[in-house]
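*Asks:* Sequence first, then the predicted structure, then my questions.
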Amino acid sequence: MIPLFVDCSDRRIVIFGGGNVAARKAAYFSGKSHLTVVSRSFVSAFDSLQATRVEIDLEKTSDLKLLDLIRDAFLVIGALSDPEINNRIGRLCRAKGILFNNADGESGDVVLPAVTGGDHYTIAISTDGASPAVSRFIREQIEDEFPALDAMIALQERLRGVLKEKEPDQAKRNAVLRNVLNDHAIWEQLFSDRGAAWKDVERRYLHG
Ligand SMILES: C[C@@]1(CC(=O)O)c2cc3[nH]c(cc4nc(cc5[nH]c(cc(n2)[C@H]1CCC(=O)O)[C@@](C)(CC(=O)O)[C@@H]5CCC(=O)O)C(CC(=O)O)=C4CCC(=O)O)c(CCC(=O)O)c3CC(=O)O
Ligand SMILES: NC(=O)C1=CN([C@@H]2O[C@H](COP(=O)(O)OP(=O)(O)OC[C@H]3O[C@@H](n4cnc5c(N)ncnc54)[C@H](O)[C@@H]3O)[C@@H](O)[C@H]2O)C=CC1
């Protein structure tokens, strides 16, 4: 498995299924893609998502109709509670060269990871399909461990800019950036007061 971060803003994503699993997958793509959800019923979580709904019973649907539903899709997700239909959709995707993720049935060629992020970063975690509970567990650990990660990235970006002007030795610049990253006091200050954290960095690392 190879991780990629893909801009889906102009892409068509089609999710089959209207249950809680489909809704969780849909939340990934809502507002960040052209999203269509196909199912015979939809849980209320879809009410707050941006998606075009197609209400249909797929039990006796022809391949021709399924092909019509997935036309021009970049990625298709099978999240029906019927793995046979999920698998059928997956086979049609393979034939058409469309990426496929299967929530229940034969594995497709895409896995949806556990994701956490902020203004300046995205972290995606996968166990290659072996244990989604572990992926979630690791995501929660990261969120607990680094509540100031966004603020630290912004501070590092600023510090990097100042160092480039001030310190000609690349190894020394690198050392300062790493020392700040390992400074627990800075992490703690960033959580409560970003301005004070920067002042502290200036005082202790730039005017030394
Ligand atoms: C293969 C994969 C395919 C795919 O769906 O993309 C898949 C498949 C299956 N998941 C199942 C169960 C659970 N899934 C979760 C949660 C998540 N599942 C996600 C991804 C993936 N799930 C892909 C692999 C990811 C990887 O590589 O690690 C996450 C990360 C992303 C997301 O979906 O949003 C999201 C956490 C998001 C977050 O919190 O950050 C929980 C835990 C929970 O809900 O608390 C449980 C119950 C505990 C357990 O079983 O572990 C079942 C069994 C159904 C059954 O028992 O019948 C199958 C089907 C099967 O195994 O055949
Ligand atoms: N990949 C994952 O992360 C997980 C996958 N699963 C599996 O994923 C599947 C979906 O889970 P849930 O959303 O909880 O199930 P659910 O039963 O709540 O939802 C299934 C959806 O599929 C639709 N559907 C089923 N057959 C259909 C048909 N013939 N035509 C049209 N629509 C049809 C239903 O209307 C419903 O909206 C289950 O098989 C479950 O075991 C469960 C937990 C996590």
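*Replies:* Everything's here; your move. Numbers count the residues shown, from 1 in each chain. Ligands and ions are numbered 1, 2, ... in the order given.
*Asks:* Wait, a strand at Asp128?
*Replies:* No. Read with DSSP: H, G, I helix; E, B strand; the rest coil, Asp128 is coil and lies in no strand.
*Asks:* Can you read off the backbone torsions of it?
*Replies:* phi 60, psi 30 (degrees, to the nearest 10).
*Asks:* Apart from its neighbours in sequence, what residue is nearest it?
*Replies:* Counting by CB to CB, 6 or more residues apart in numbering, Asp128 lies nearest to Met1, which is 5.3 Å off, once chain neighbours are set aside. C-betas here are computed from N, CA, C, even on glycine.
*Asks:* What's opposite Asn101 in the beta bridge?
*Replies:* Per DSSP bridges, the residues bridged to Asn101 are Ile77.
*Asks:* shouldn't the residue nearest to Asp128 be in contact with Leu112?
*Replies:* No. The criterion here is CB atoms under 8 Å, and Met1 misses it with Leu112 at 11.6 Å.
*Asks:* if you count what's nearby, which of the two comes out ahead?
*Replies:* Applying other CB atoms under 10 Å to Met1 and Leu112 shows that Leu112 carries more neighbours, namely 17 against 11.
*Asks:* Mind telling me what element the more buried one is part of?
*Replies:* For Leu112, there is no helix or strand it lies in under DSSP states H and E.
*Asks:* can you check Ile123 too?
*Replies:* Per DSSP H and E: strand 122-125 holds Ile123.
*Asks:* Which residues in that strand does the neighbour count mark as buried?
*Replies:* 123-125 (16 or more other CB atoms under 10 Å).
*Asks:* one step back: could you check how far the residue nearest to Asp128 is from Val111?
*Replies:* Met1 is 6 Å from Val111, where distance means CB to CB, to the nearest Å.
*Asks:* Give the residues shared as contacts by those two.
*Replies:* Common neighbours of Met1 and Val111 (criterion: CB atoms under 8 Å, 6 or more residues apart in numbering): 126, 128.
*Asks:* so the residue most central in space within the chain is in which element?
*Replies:* By CA atoms, centre = their mean, the chain has its centre lying nearest to Val115, at 4.2 Å. Here Val115 is covered by strand 114-117, with elements defined by DSSP H and E.
*Asks:* now for that strand, which elements pack on it?
*Replies:* Strand 114-117 sits against strand 122-125, helix 132-145, with contacts defined as 3 or more CB pairs under 8 Å, 6 or more residues apart in numbering; DSSP states H and E.
*Asks:* Of all these, which one comes closest to Leu75?
*Replies:* Closest approach to Leu75 among these (CB to CB): strand 122-125, 14.9 Å.
*Asks:* and the end-to-end length of stretch 138-154?
*Replies:* Start-to-end span of stretch 138-154 (CA to CA, to the nearest Å) is 24 Å.
*Asks:* Identify the bridge partners of Leu35.
*Replies:* With DSSP bridges as the rule, Leu35 is bridged to Ile13.
*Asks:* got it, and Ile123?
*Replies:* Going by DSSP bridges, Ile123 forms beta bridges with Thr116.
*Asks:* For this structure, what lies in contact range of ligand 1?
*Replies:* For the chain, the residues in contact with ligand 1 (CB under 6 Å from any ligand atom) are 24-25, 101, 103-104, 111-114, 126-129, 131-133, 135-136, 139.
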